[in-house]
Structure formats: C-alpha cells, structure tokens
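A.B. asks: Here is a sequence with its predicted model. Questions after.
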Amino acid sequence: MKAVIPAAGLGTRFLPATKSTPKELLPVINKPVIQYVVEEALEPSGVDEVVIVNSREKPQIESYFKVDGGFEDTLRRRGKQQEADAVREAGSLPVSFVYQDDPRGLGHAVLCAKPVTQDEPFLVLLGDYFVPDRAMCVRMKEVSERYGGASVIAVAPVPADQVSRYGIIAGECVGSFDGSRLSSDEDEGAVWKVTGLVEKPAVEDAPSHLFIVGRYLLTPRIMELLQTQGVGAGGEIQLTDAMQRLLDEEDMYALVVDPDEGCDTGTPAAWAATNARLALRDPEVRPAFLEALGEQALKQLK
Ligand code: UTP
C-alpha cells in the first residue's frame, strides 16, 4: 500500500515562521514533524512507498530527505557518529515527491498523488499531525479488511462546544475494534458506519461529536471523484466533499481513537503542546524541561 503525505499548504497559521521554514519541517524536540509522519507510514503500517505532495516553494523538504554525504563525513571526522547516523537515516528514508503547483486545498493535494497511487487503496497522513506509537493506521487497515476493503477514517471525540471547528461524522456505531463492550458509542475502539460528513457544524446541528483526525484509508474511487470535485469551503477543493460523494457509492467506516494518541502541530499552540508532551516522554530532555517548567510555574505563582 502507498501512503500520501500532503505537505504543500501555506502554513498561514504559523506565520511568520513559515515564511522561510515549512510548517512540516518545524522540529518537535530534535526531529522535523514530517519525519515522524514518514516513519509512522513506513513502520509498522506496511506501506511500501511514501509520496510527499510538496510545493515548489518548499524545496527545503526535499533537501531534508536527501543524502548529504559531505555533511555526514564532516560529522564523522569530528567524532560525531551518532549525529552522522541520524543525518544518514533521514536521507535514507524511501520517500518520493509529487508537486502541487498551487495550494488549492487538501482534496487537490491528494489528487496530485494519483500517478503514484494509481488504482490501489492508499493512506493519507496529514503532514502536520503524527502518531508517536505509529499504531493508528495499522488498526484502520484491520477495520478496512474486516469490511471488505472499505474506506476507513480515524475520528476522535471533541467537546460539544468545539464541534463547529471540525469536520464531524454522521452515522452509527456498529461494534468495537477488539470485540470489547463499549460504555458509549463514542468510546475509543468504537467502529462506526459513516453516513455523512459535515464540515464545521453548529453545535445543535452536529450529528455526532466525532471529528476527523488526520488519517484516512481511501479506495481509489476517491481519485476519480476528486478529478470532478468543485471548490467548497474557503474556495478550496475539499477532501471531505469528495468523500461525501464517495458515500453515495461505497461504504465507509470510522474508527474512534483516543484524541491524545496523535499530536497536532498545525498552530503555535498545538505545536507547543506537542513539544511539551514529547519532552516529558524523552528521558534525555525530561529532567531539564521539568526543571524549567517548575521554575516558570513558581514565577507565575508569585
Ligand atoms: P492545513 O490546512 O493544516 O495546512 O492542511 P495549511 O493550509 O498549510 O495551514 P494554514 O491553514 O494555512 O495554517 C493539512 C496538511 O495538508 C497540506 C498542508 O501542508 C498540511 O500538511 N495541504 C493543505 C496541502 O498539501 N495542500 C493544500 O492545498 C492544503
């Protein structure tokens, strides 16, 4: 299976940083966000090729994934073996690139990967959101297999007062991922049959409190629908609009995941929170981070 990582957006919510650094290359601790995404796609999701949809204005992404033998040699000469290995690893990841010449929306970005995905189902992993334990796409693939190769999206519960910020699903719970009993249809592990997708509904119109997180497993039919998809919200070609049309022809399922399973980095606040979460998990960074946090907390209390 192939994985598509759209990374050609303008990153306006992260300006001015994104004037010169693509949002997808911003570091979380010491690694760019998009490297976490690529690694998640490759292992253990069983993906054999990762294609990044890039913008010509963001050549830094392609440079990052190139081997840089000269730099590696310099590091090795200076006794920095571990650092040289990390540089080599980033340059050795099997990624290819296609280009979206104009950022016309997520749906259009996905369509740009059609020459690579061809007539096969594929995964879409947003380039500014990653799952540290890399297990989400694996479970989505299992759900798809269970339902005859249907499209599957990952969704997570969102507080009622926030539904109007997200794409929300309509449908009904048809069971749980591992056969366990659920106390609520919106519990982690619930599997839904999707009947509709509503972009940013008012709270009273929201058909559920489950929002679409950045992971999709889609059948190839979506590419044909995207070819004829008109512009939608924000004047952009929306993936959710084409998925709504896909629902007229094919079944689609949603897997409810824990909202804390994934890490968003699309805004300064989300990125800062993601860095804090990963700093707390990193044994090398954690002590200094906690100490600095403690000092700051004490200052706030004064
Ligand atoms: P976002 O909507 O979060 O990214 O898209 P954006 O458009 O760059 O962000 P803002 O709203 O201007 O701040 C999610 C992912 O889809 C890619 C983005 O690069 C991001 O990784 N994307 C979005 C594209 O590849 N092309 C597009 O036309 C839009």
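C.D. replies: That came through fine. Numbers count the residues shown, from 1 in each chain.

A.B. asks: switch to C-alpha atoms for all contacts and neighbour counts from now on
C.D. replies: OK.

A.B. asks: so who does the residue in the stretch 151-300 of the chain positioned nearest to the ligand touch?
C.D. replies: The minimum distance from the stretch 151-300 of the chain to the ligand, using C-alpha to the nearest ligand atom, falls at G266 (5.5 Å). Listed by C-alpha atoms under 8 Å, 6 or more residues apart in numbering, the contact partners of G266 are 11, 13-14, 23, 128-129.

A.B. asks: do stretch 157-172 and the ligand meet?
C.D. replies: No - figure legend: stretch 157-172 not in contact with the ligand (C-alpha under 6 Å from any ligand atom); closest approach 11.4 Å.

A.B. asks: so how far is G79 from the residue of the stretch 151-300 of the chain closest to the ligand?
C.D. replies: 36 Å (C-alpha to C-alpha, to the nearest Å).

A.B. asks: circling back: so which of the contacts of G266 is the most crowded?
C.D. replies: In terms of neighbours by other C-alpha atoms under 10 Å, the contacts of G266 top out with K23 at 30 neighbours.

A.B. asks: which residues touch that one?
C.D. replies: Contacts of K23 were listed using C-alpha under 8 Å, 6+ apart, and they are 11, 14, 17, 128, 266.

A.B. asks: Strands of this structure, residue ranges please.
C.D. replies: Listed in chain order, the strands of the chain (DSSP state E) span residues 2-6, 27-28, 31-32, 49-54, 95-99, 122-125, 129-130, 151-157, 167-176, 190-199, 210-218, 252-256, 263-264.

A.B. asks: if I read this right, F122 contacts A3, doesn't it?
C.D. replies: Yes - using C-alpha atoms under 8 Å, F122 is in contact with A3, at 5.7 Å.

A.B. asks: More neighbours: which of those two?
C.D. replies: Legend: neighbour count by other C-alpha under 10 Å for F122 and A3, higher for A3 (27 against 20).

A.B. asks: who's in contact with that one?
C.D. replies: By C-alpha under 8 Å, 6+ apart, the contact set of A3 is 41, 47, 49-51, 122-125.

A.B. asks: Would you format these as CSV with pLDDT and distance to the ligand included?
C.D. replies: Output for the contacts of A3, formatted as CSV (pLDDT from 0 to 100; distance: C-alpha to the nearest ligand atom, whole Å):
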residue, pLDDT, distance to the ligand
A41, 95, 14
V47, 91, 19
E49, 92, 18
V50, 97, 14
V51, 98, 12
F122, 97, 16
L123, 97, 13
V124, 98, 10
L125, 97, 8
